[in-house]
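Participant: Next one to model:
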Amino acid sequence: MSELLDKINRLKDELNHHNYQYYVLDNPEISDSAYDKLLRELQEIEAKHPELVTPDSPTQRVGATPLTEFNTVKHEIPMLSLANAFSAEEFSEFNQRITDLLKKSGVHSANDIKYAAEPKLDGLAISLLYEEGILVRGATRGDGSSGEDVTQNIRTIETIPLKLLGKKVPSRLEVRGEVIMDKEGFEELNNIQRKNNEKLFANPRNAAAGSLRQLDSRITAARPLSFFCYGIGIISDDITLPATHSKIMALLKSWGMRINPESKVVTGINGADQYYTRLFNKRESLEYEIDGIVYKVNSLEYQKILGFVARAPRWAIARKFPAHEEMTKVLGIDIQVGRTGALTPVARLEPVFVGGVTVSNATLHNQDEIERLDIRVGDTVVIRRAGDVIPQVVNVVLSKREGKPRKFKMPTHCPVCGSVAVRNENEAVTRCSGGLFCEAQGKQAIIHFASRKAMNIDGLGDRLVELLVDKGLVKTSADLYSLTHEQIANLERMGDKSAEKLLKALSQSKQTTFARFIFAMGIHDVGETTAKTLAEHFQSLEELESASFEELLSIRDVGPVVANNVTTFFKQKHNREVIDALLRAGIHWPKTPSVSAQAQTLFGKTFVITGTLSDMSRDEAKQALQALGAKVTGSVSKKTDYLVAGENPGSKVDKAKQLGVEILSEMQMKALL
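Facilitator: Numbers count the residues shown, from 1 in each chain. Predicted coordinates:
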């Protein structure tokens, strides 16, 4: 048994060491898979010997029975709040106050005070209690005197060590810090909430607080929470503390605690101002939200002299950044049409200064978001802006609503071109159906039309399309075929040779295929494969234009969304006018005979192609398989019938083996063809 205990302790120490390297030092020594292997080994031993499981084991982060309520914890040393400074002048006054107090107390070298400076994290303050190096309790700040016992949830956070590192640790230690959710994790969580039709979190701070206060620790474990420590509370007298706050933080780091890498010791007003400016400029590039800087007098001796006032220390202050959130009024709701035809409602606001700039517009995303917020013209709303992110409405202040303003409804027609606006079932976005004509979509429609898998107009790139549209030479894709040599040659960075090359490419593009032409029209959700299916089913463009919803629905791989998009597209008069102009310009294709399902020997079979083929390109192989009725997709799934593997196939082969998908060589595929 002693050998087994030694092995368990060795695995624990090794896992704790690698957690420290990964989360605290940001310097992982082993791969994720190697770490997982160590963890699995420990889990297997503990499963066979549950009597050897201890609370500090890395396997015990989650899985306890859900609580019915949180117990209250009284803080042995109150968790005080900080005074705030909202300007350089207020911070200067703070600096002067403590300088004067120190001088009165006999400290004559107090002109250039050293401050321990660190970002003020926008999260939830917590207290962690360690006894004999083992985490025994986690509690929220609460009202400062007492908080809630959230130990089960705290244990799920990977950046909080369950056991302190090192041989000489305090017999009793309280670490204080902030639980946060980074920006990326916050966006992912809200996306999940949105998909599940659940309430969205207003900001990362609310998301972190809500996640930490779950009665079921399994929910907390699924949330992307992390932790930074910023100081200590109680500590046993078997440890002699250093003389400065910054050295205490270094000591905590050596015990396995994560401290903020932006922390720094600065000298006097100038040093504090330079640090503030650097962090303010860096604020938006950080992975997490910060709302200011915390400055603490670095010397513990000076802290003791300065003492406390009411519920805050005299020796520390939070210098706040400009607010990310403010209240203002909704003056109206406008509709913007994007490059892909998406109709986006935008709130026109009473101008308000937020996040360092004046904001007068905020996106409302779509009809679902408007209904979720219950936002109406005239409402008072909370606006949030973070850096270059488009300002968003966080919530409506219902207590300030006057009367009974009408609910907003999305328009039934595009405000730019008048085409029907379509919102398909199970989609949040409403779109303009006038893809070939709508000016808002003009550039994107032409870029798609000219792309390699559509009309393949060599030399007509994004920049040139921008130029042609901006100069008023082209409005729709049909106008491309009316361009003259002189018009093209006179454009910026063009010339006679470039003009000749483009005109030749335009002329060559007139000879195409029916499938390419369908794809080039840019009908929403009609990709290359669906375009080919439609081209094989219909004998002519006229038949496709007049096809009913029911007829389209009967075609293989055409669902109700695509059927609706196709019928709506061809009902728009302006789209048909552009198509007629393209045909008049000389675009044509050979008649494609429809192929019956009986003649398609691979009908109903799904293929994936990976690796490099020796006798043909992957595109050529794809076309050959599709000609026999096969469906060719990009990823291996349970629905895949065959994986064609060339040289250097990559991970798709492993996935195919795992799912039992038949793997073909290039030679075997050619035999099928």
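Participant: any low-confidence regions in this protein?
Facilitator: 1, 22-28, 30-36, 60-67, 310, 323, 355-356, 386-389, 592-599 (pLDDT under 70).
Participant: Now the residue of it most remote from its centre: which helix or strand?
Facilitator: Of all residues in the chain, Gly106 has its C-alpha farthest from the mean position, at 53.9 Å, by CA atoms, centre = their mean. Using DSSP states H and E, Gly106 sits in no helix or strand.
Participant: Then the one 4 residues further on?
Facilitator: Following DSSP H and E, there is no helix or strand that holds Ala110.
Participant: Surely it and Thr99 touch.
Facilitator: Yes: shown here, Ala110 and Thr99 form a contact pair, counting by CB atoms under 8 Å, at 5.0 Å. C-beta coordinates here come from the backbone N, C-alpha and C atoms, glycine included.
Participant: Who has more neighbours out of those two?
Facilitator: Ala110 (20 against 17; other CB atoms under 10 Å).
Participant: List the residues that contact that one.
Facilitator: 98-99, 102-103, 302 (CB atoms under 8 Å, 6 or more residues apart in numbering).
Participant: Nearest residue to it in space, ignoring adjacent ones along the chain?
Facilitator: Leu102 (3.9 Å; CB to CB, 6 or more residues apart in numbering).
Participant: how far away is Asn564 from Lys253?
Facilitator: Taking CB to CB, to the nearest Å as the measure, Asn564 falls 59 Å from Lys253.
Participant: more neighbours, these two?
Facilitator: Asn564 (20 against 17).
Participant: does the more buried one belong to a helix or a strand, and which?
Facilitator: Here Asn564 is assigned to helix 560-571, by DSSP H and E.
Participant: buried sites along that helix?
Facilitator: 562-570 (16 or more other CB atoms under 10 Å).
Participant: And stretch 206-221, by the same measure?
Facilitator: Neighbour-count burial for stretch 206-221 [16+ other CB under 10 Å]: 206-212, 214, 217, 220-221.
Participant: ditto for stretch 77-96
Facilitator: 79-80, 82-83, 85, 91, 94-95.
Participant: Dump that stretch to PDB, keeping only the CA atoms.
Facilitator: C-alpha atoms of stretch 77-96 as PDB (Å, rounded to 0.1, in the frame of the first residue of the first chain):
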ATOM      1  CA  ILE A  77     -10.300  40.200   8.300                       C
ATOM      2  CA  PRO A  78     -12.900  42.300   6.400                       C
ATOM      3  CA  MET A  79     -12.600  42.500   2.600                       C
ATOM      4  CA  LEU A  80     -12.600  46.200   2.200                       C
ATOM      5  CA  SER A  81     -13.500  48.200  -0.900                       C
ATOM      6  CA  LEU A  82     -11.200  50.800  -2.500                       C
ATOM      7  CA  ALA A  83     -11.600  54.600  -2.900                       C
ATOM      8  CA  ASN A  84     -11.900  55.700  -6.600                       C
ATOM      9  CA  ALA A  85     -10.100  58.300  -8.600                       C
ATOM     10  CA  PHE A  86     -11.800  59.300 -11.900                       C
ATOM     11  CA  SER A  87      -9.100  61.700 -13.100                       C
ATOM     12  CA  ALA A  88      -5.400  62.500 -13.000                       C
ATOM     13  CA  GLU A  89      -6.200  65.400 -10.600                       C
ATOM     14  CA  GLU A  90      -8.000  63.100  -8.200                       C
ATOM     15  CA  PHE A  91      -5.100  60.600  -8.200                       C
ATOM     16  CA  SER A  92      -2.700  63.500  -7.600                       C
ATOM     17  CA  GLU A  93      -4.800  64.600  -4.600                       C
ATOM     18  CA  PHE A  94      -4.600  61.000  -3.200                       C
ATOM     19  CA  ASN A  95      -0.800  61.000  -3.700                       C
ATOM     20  CA  GLN A  96      -0.500  64.300  -1.900                       C
END
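Participant: Pull the residues that contact it.
Facilitator: Contacts for stretch 77-96 (CB under 8 Å, 6+ apart): 113, 125, 127, 141-142, 144-145, 147, 174, 176, 233-234, 268-269, 272-273, 276, 292, 294-295, 308, 311-313, 316-320.
Participant: Please pick the buried ones from those residues.
Facilitator: Buried among the contacts of stretch 77-96 (16+ other CB under 10 Å): 113, 125, 127, 141-142, 147, 174, 176, 233, 269, 272, 276, 292, 294-295, 312-313, 316-319.
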